[in-house]
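Undergrad: Turn this into a structure:
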Amino acid sequence: MQVIVLSELIVTCEACGSVKKFLVKDEPESIRLFGEFTCENKCGKNLYSFITVGTLRRK
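TA: Got it, this is the predicted structure:
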């Protein structure tokens, strides 16, 4: 069995090109940070995209 261990959340604003990186420890933290994220240029939330980076580990 494999487990995904998240380590980073990358949020990009498609309107202005702003990119922010956050260190995360799990999926709930990643979801919370993305939900709270606001672009520094005050672009609309519908223009944000995200990627989570993690590692596959075998149990």
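Undergrad: Run through the protein and note the low-pLDDT ranges.
TA: Along the chain, the model assigns pLDDT under 70 to no residue.
Undergrad: Work out which residue lies at the spatial centre of it.
TA: In the chain, the centroid-proximal residue (C-alpha atoms, centre = their mean) is Leu9; its distance is 3.0 Å.
Undergrad: which SS class is Lys21?
TA: When classified by DSSP: H, G, I helix; E, B strand; the rest coil, Lys21 comes out as strand.
Undergrad: and what of Gly35?
TA: Three-state call for Gly35 (three-state DSSP): helix.
Undergrad: from now on call the first residue 6
TA: Renumbered: residue one is now 6, and that last one reads Gly40.
Undergrad: Doesn't the residue nearest to the centre of the chain belong to a strand?
TA: Yes: using three-state DSSP, the assignment for Leu14 is a strand.
Undergrad: In this model Gly59 seems to touch it, though I could be wrong.
TA: No: counting by C-beta atoms under 8 Å, Leu14 does not reach Gly59; the two are 10.0 Å apart. C-beta coordinates here come from the backbone N, C-alpha and C atoms, glycine included.
Undergrad: From Asp31, how far off is the residue nearest to Arg63 when sequence neighbours are not counted?
TA: Nearest residue to Arg63, sequence neighbours excluded (C-beta to C-beta, 6 or more residues apart in numbering): Gln7, at 5.7 Å. Relative to Asp31, Gln7 is positioned 16 Å away (C-beta to C-beta, to the nearest Å).
Undergrad: Check Ser54 too.
TA: Taking C-beta to C-beta as the measure, Ser54 and Asp31 are separated by 21 Å.
Undergrad: Settle it for me: which of those two has more neighbours?
TA: Neighbour count, other C-beta atoms under 10 Å: between Ser54 and Asp31, Asp31 has more, with 13 against 10.
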